[in-house]
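*Asks:* Need coordinates for the below:
(chains A, B and C)
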Amino acid sequence: MAAATKPHTARWDARKTRSLLTGLAFISPAIVGFLLFAAWPILQSFYYSFTDYNIFQPPYWIGLQNYQDLVSDRVYGIALRNTLYMVLIGLPVHLLFDFLMALLLATRIRGLSIYRTIFYLPSITPVVASTIVWLWLFNGQYGVLNEIVGLFGFSKIGWLTDPAFTKPSLIFMGMWFGGNTILIYLAGLRDVPTSLLEAAELDGANALRKTWHVTLPMISPVIFYTLIINVIGYFQYFTEAWVLTATRDGAAGGPLNSMLFYAMYLYQSAFQQFKMGYASAQAWVLFAVVLLATGLLFRFSGWVYYRSEE
Amino acid sequence: MSEQPTRQWSRRGFLQMVGMGGAAMALAACAVPVAPAPAGQPAAESGQAFLNYWTGWSGFEFDELQKLVDKFNAEHTDQIFVNMTTVFGQYEKVLTAIAGGNPPDVVSAVWLRELVSMAARGGLQPVTQYAEAAAIDGSEYFPQFWDAWWHNEELWGLMVTSNSQVVAYQPALLAEVGADPANPPKSSAELDALAQSLEKMDADGNIERVGLLPAGLTWWGRVFGGSFYDAANQKITANDPKVVAALEWEASFRQRLSPEKVAAFQSGFGDYMSTQNSFFVGKEAMTQVGEWFIQFQKKFAPDLVMEFMPAPYPDGGNDNTTTFDGSVFTIPAGVQAPDASWEFIRWLSEAENMGEFCYNIQNVPPKLAPASEDRFVSDPRFQLAVNLLNGPHAFGPDKMPVNSLLYSRLAEAESAVFNGQMSAQEALDQVASEVQAELDKVLQRG
Amino acid sequence: MHASDTFSTASATGPGRLRSRRNQERLGRALAYLICTLVALAFVFPLYWMVTTALKTDAEIFLVPPSLFPADPQWQNFAASTEYIPFWQYMANTLLICVLAIVGTVTSCSLIAYGFARVRWPGRNGVFIVYLSTIMLPAQVTMIPLYIVFRQIGWIGTIWPLVVPAFFGNALYVFLLRQFFMTIPNELTDAARIDGASELGIFRRIMLPLLKPALATVALFTFVATYRDFLGPLIYLTEQNQWTISLGLKMFQNMYGAQWQLMMAAATLTMIPTVILFFLTQRTFIEGIALTGIKG
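*Replies:* Take a look at the predicted model:
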């Protein structure tokens, strides 16, 4: 982008060719990997989305029918709304929480290494073990969370049984898995030049102003990263909700489908109802939505400050 | 800080990493021509078939089945070696492998309710001719089971286990409220009255004990005499007035006790397979289970007296009603040499082997002879389960290709009606129309 | 550990500071300490529960109200859990896959990220978005065609589908490294470029050392993701003796419940080496890009 401002780049010249070849050489593993392991499966799934593909028999072309069916699919609508809830509420809550925790951890307090380990522990806990533990914590009767709620004099909450509480419960639980994001923020915070902070201090800036005017711009590249990656991740939110709500019969989604998310419905369509074509259409709609969302975030990423582009 | 150490790390570290990467790639490249021969298993002798069998069972059930597989392998030395792997009931593994042209030789991670779904879509091979050659004509089986495995005049697999649906109750609690424990309710009205008398609230009006919280429309709909599918006209009948009545009846228990209080009460149920099972601790005086529950009662509540009754039914309903489902042993489409697959299924279905596995996991053997052995039916509760499954009102899943959708939408409808979001009629009308639309699509493209 | 010097540069103490400001800072630190401790307790509680469950008897697990301390710690649960499943075999399988995946990911991602971040070539941002978009499509719908690709290569039933793709980059980590590459000021490389250094030379001699902490972070993330992966090993491994630990842990479950105490014991055991490793190496991860020499 910055290169475009240099006057001589308007013409195609040897330098440009050389930089193109150098760039392509560096990213060649990605190109080869894409061609080997991604291109064909992606094209296939795009093709499936225009077919009736029941997994066992060859796909049968039906044009845009799958996409039309999505419009009138009531349960698809529920899954879409639940997913938007997680993206619009869960994601900001989690990123803010993780950022605040990283700020706290970046201060000088005693036993820092122990704290950092503790905050990372949940991220390395085996999925099956951690979700089971959470099921017990959320249990209405003997669950510890209701014991704590009881201490404050509130009546018991149906964390995973009351449709009004299920998604907030999931968000609450999700705060526990922020280890990776906290770690990324910590690495970014470490890079904020001390000289800048000192300069701001000399100007009489308080902690809040320092954070806003110095820290945030300096770590904006990593904030941007976590934002994009989590937008992609939350639109595909699956594992925790699935493990928490799956029943013996293979159904999932919780009371009144309040925990049925996009990727879960997609999974059910594909592997329980044998509608791989329909699932593929869902996947490509999701792809378009996520691409649009991330595209907009990239388009309006002027707030991200890269020192290499000064 | 000096730059030298980091620079050295860079050069050496990077080169090491590239080197390791290259070595790993070389290894990978070497692996390419190697056929996906099963590692760690004795190489197949000439003439010995190596059979991959995928099961949905894990935990203690897997261990019990492994004993049987070992016995099979011992009896088939030099002929067939069965290698059992569990897929934990994860359908995507099975479906991906079949679609990917690399199916297991035998798979039992197929629920009976999905059998027609998979058969109709071309995912399975029929075993009709094998069964005929082996003189398996169904006479040894409970008639409803044998019938359940047929579709389009082909036999699609066999079950070696099955289970029933009954109502368990604690005689002591019935006696406590003045009911006769030896004569449990026969009609829905009697059940309603008994359940109500068994309900207990604490001082704050919270539920302490319920009589019964009926749920599961696929069973109660049958008990009320309803049906979900009209095979002759290929119509989904989930809004059959009798099914609607069953759902209204189920919901009436929640309405009487208030749905919020029931939800709060149920969210406090302990782990099912534990001493804290809500029935064992007396939170439910009656509960819906099957004969497999006997083993858990013996393990977790050995001192508890538990009896079974068939589902009480209303006027115009069905007496002695049970539903059944279970894992079907099938041969996926694309298996090149199904003879060995069939031999394994056939051997497992021998009365002795089937009986042994069923006894170890406390399920009902689908064959009449082993099911009437003393080790099973000396327990009157088990006898009741066998009688129900052998009776006229033992219902398997409907033989139609969109059962997964029907079951999930029925569960959703129950949840909506219990929560007071919709009336039973509205909810079931919606199920019928949505599932019908899907069925029409599948049949049309057939 | 060396907690005191970890952040020694974060807020240097100057002599001309006001007393009130120092008090304010002290108060702030106390507050940070309090919040950290409370949140840490909340974070550690589920794990505490996991470990104590591993030590309980069958009957004690579901007591109402729950018991916070196992009445009679069942230490033999740990040994029993490693016998119920071939625990060490599964751990060894998992570690092999993890190590190969880490080597592949770190090598390939650093190269690719450099190409996207530090080499200016026409169209690189567009290509980057296309590359990033490959992780926007839910994997469920590419699972079958991808399986067919691996079957045609002959890799079903081997660990290669879980390892080899790592050598061709992962958009998630390429993006992360790209962000860190882009925070490095150009002055650092301009001088080398004027001296006639090649791009590969700049990448190797200047950039990689600076990016060491970020690479360590990518290695850690790759390790954790690989070690927790359930679906990949389930789909591609065909023999139970090839299994990874995340599959093994599911073996404690049956249709109606599980042997929770054994499962939790095994889960606890799998975490111990990772926790120790993380505790000892954590300074690397949070060090950030060490901008030694260009500060000020």
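
*Asks:* Tell me which residues touch the residue nearest to A:Ala270 when sequence neighbours are not counted, please.
*Replies:* Closest residue to A:Ala270 apart from its sequence neighbours, by CB to CB, 6 or more residues apart in numbering or on different chains: A:Ala279 at 3.6 Å. Any C-beta I mention is one placed from the backbone N, CA and C, and that applies to glycine too. Contacts of A:Ala279 were listed using CB atoms under 8 Å, 6 or more residues apart in numbering or on different chains, and they are A:266-267, A:269-270, C:140-141.

*Asks:* Kindly indicate the member of those residues with the most neighbours.
*Replies:* Within the contacts of A:Ala279, most neighbours by other CB atoms under 10 Å in any protein chain shown means C:Val141, with 31 neighbours.

*Asks:* Quick check: it touching A:Ala283?
*Replies:* Yes. Using CB atoms under 8 Å, C:Val141 makes contact with A:Ala283 at a distance of 4.3 Å.

*Asks:* what touches both of these two?
*Replies:* Common neighbours of C:Val141 and A:Ala283 (CB under 8 Å, 6+ apart) are A:45, A:49, A:266.

*Asks:* secondary structure element for the last one?
*Replies:* Element membership of A:Leu266, judged by DSSP states H and E, is helix A:262-267.

*Asks:* Who are the packing partners of that helix?
*Replies:* With contacts taken as 3 or more CB pairs under 8 Å, 6 or more residues apart in numbering or on different chains; DSSP states H and E, helix A:262-267 sits against helix A:74-85, helix A:239-245, helix A:276-299.

*Asks:* how does chain B divide into domains?
*Replies:* Per automatic domain parsing, the structural domains of chain B span B:49-163+B:325-395, B:166-323+B:402-445.

*Asks:* Longest helix of chain B, counting residues only.
*Replies:* Looking only at chain B and at elements set by DSSP state H, the helix with the highest residue count is helix B:424-445.

*Asks:* Tell me which other helices or strands it touches.
*Replies:* strand B:235-236, helix B:241-257, helix B:403-418.

*Asks:* so where's the chain uncertain?
*Replies:* In the absence of a named chain, chain A is used. A:1-12, A:108, A:248, A:310 (pLDDT under 70).

*Asks:* nope, chain C
*Replies:* For chain C, the ranges with pLDDT under 70 are C:1-19, C:64-65, C:286-296.

*Asks:* Buried residues in the longest helix belonging to it, which are they?
*Replies:* Determined from DSSP H, the single longest helix within chain C is helix C:19-54. Neighbour-count burial for helix C:19-54, counted by 16 or more other CB atoms under 10 Å in any protein chain shown, picks out C:25, C:32-33, C:36, C:39-40, C:43-44, C:46-47, C:49-50, C:52-54.

*Asks:* Would you tell me whether that helix gets close to chain B?
*Replies:* No. In terms of CB under 8 Å from any CB of the partner chain, no part of helix C:19-54 sits within range of chain B; the closest distance is 11.4 Å.

*Asks:* what element comes up after that helix heading to the C-terminus?
*Replies:* helix C:76-84.

*Asks:* on contacts alone, who are the packing partners of that next one?
*Replies:* Here helix C:76-84 touches helix C:19-54, helix C:260-286, going by 3+ CB pairs under 8 Å, 6+ apart.

*Asks:* got the residues of chain A near chain B?
*Replies:* Residues of chain A lying near chain B (CB under 8 Å from any CB): A:52, A:54-57, A:60, A:74-75, A:139-142, A:156, A:158-163, A:249-251, A:253, A:255-257, A:267-268, A:270-274.

*Asks:* who touches the closest residue to chain C within the stretch 251-400 of chain B in this structure?
*Replies:* At 2.7 Å from chain C, B:Met273 is the closest residue in the stretch 251-400 of chain B, using CB to the nearest CB. Taking CB under 8 Å, 6+ apart, we find B:Met273 in contact with B:296, B:300, C:254, C:256-258.

*Asks:* quick one, phi/psi of it?
*Replies:* Dihedral pair for B:Met273: phi -90, psi 70, per degrees, to the nearest 10.

*Asks:* quick one: which of the helices and strands packed on helix B:424-445 is nearest chain A?
*Replies:* helix B:403-418 (4.6 Å).

*Asks:* for the closest one, packing partners?
*Replies:* Using 3+ CB pairs under 8 Å, 6+ apart, helix B:403-418 sits against helix B:112-120, helix B:217-223, helix B:241-257, helix B:424-445.

*Asks:* now those helices in TSV, with mean neighbour count and mean pLDDT?
*Replies:* Formatted as TSV, those follow (neighbours: other CB atoms under 10 Å in any protein chain shown; pLDDT from 0 to 100):
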stretch	mean neighbour count	mean pLDDT
helix B:112-120	25	95
helix B:217-223	25	96
helix B:241-257	20	96
helix B:424-445	18	95
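
*Asks:* Endpoints of stretch C:207-215, how far apart?
*Replies:* For stretch C:207-215, the separation between the terminal residues is 11 Å (CA to CA, to the nearest Å).

*Asks:* Spatially nearest residue to B:Glu208 (excluding sequence neighbours)?
*Replies:* B:Lys200 (4.4 Å).

*Asks:* can you pull the contacts of that neighbour?
*Replies:* If you count contacts by CB under 8 Å, 6+ apart, then B:Lys200 has B:207-209 around it.

*Asks:* cool, B:Ser267 as well?
*Replies:* Counting by CB under 8 Å, 6+ apart, B:Ser267 has contacts A:139-141, A:156, A:158-161.

*Asks:* Likewise for B:Tyr53?
*Replies:* B:Tyr53 sits in contact with B:69, B:82-85, B:104-108, B:344, where contact means CB under 8 Å, 6+ apart.

*Asks:* gap between the host helix or strand of it and the chain center?
*Replies:* Using DSSP H and E, B:Tyr53 sits in strand B:49-55. Centroid separation for strand B:49-55 versus its chain: 21 Å, with CA atoms, centre = their mean, to the nearest Å.

*Asks:* Tell me which helix or strand comes right after it.
*Replies:* As the chain continues past strand B:49-55, the following element, by DSSP H and E, is helix B:59-75.

*Asks:* Would you tell me what the next helix or strand after that next one is?
*Replies:* strand B:80-86.

*Asks:* Let's test this: mean pLDDT of that following strand, rounded?
*Replies:* The average of the pLDDT scores along strand B:80-86 is 95.

*Asks:* How about that strand and chain A, touching?
*Replies:* No. Strand B:80-86 is not in contact with chain A by CB under 8 Å from any CB; minimum separation 14.2 Å.

*Asks:* Who are the packing partners of that strand?
*Replies:* So strand B:80-86, by 3+ CB pairs under 8 Å, 6+ apart, packs with strand B:49-55, helix B:59-75, helix B:338-349.

*Asks:* strand partners of the first one, parallel vs antiparallel please.
*Replies:* Take DSSP bridges as the rule and strand B:49-55 pairs in its sheet with strand B:80-86 (parallel), strand B:106-107 (parallel).

*Asks:* between that strand and helix B:338-349, how many degrees?
*Replies:* 50 degrees (axes from the mean of the first three to the mean of the last three CA atoms, to 10 degrees).

*Asks:* now the angle between helix B:59-75 and strand B:49-55, please.
*Replies:* Using the same axes, to 10 degrees: strand B:49-55 against helix B:59-75 is 160 degrees.
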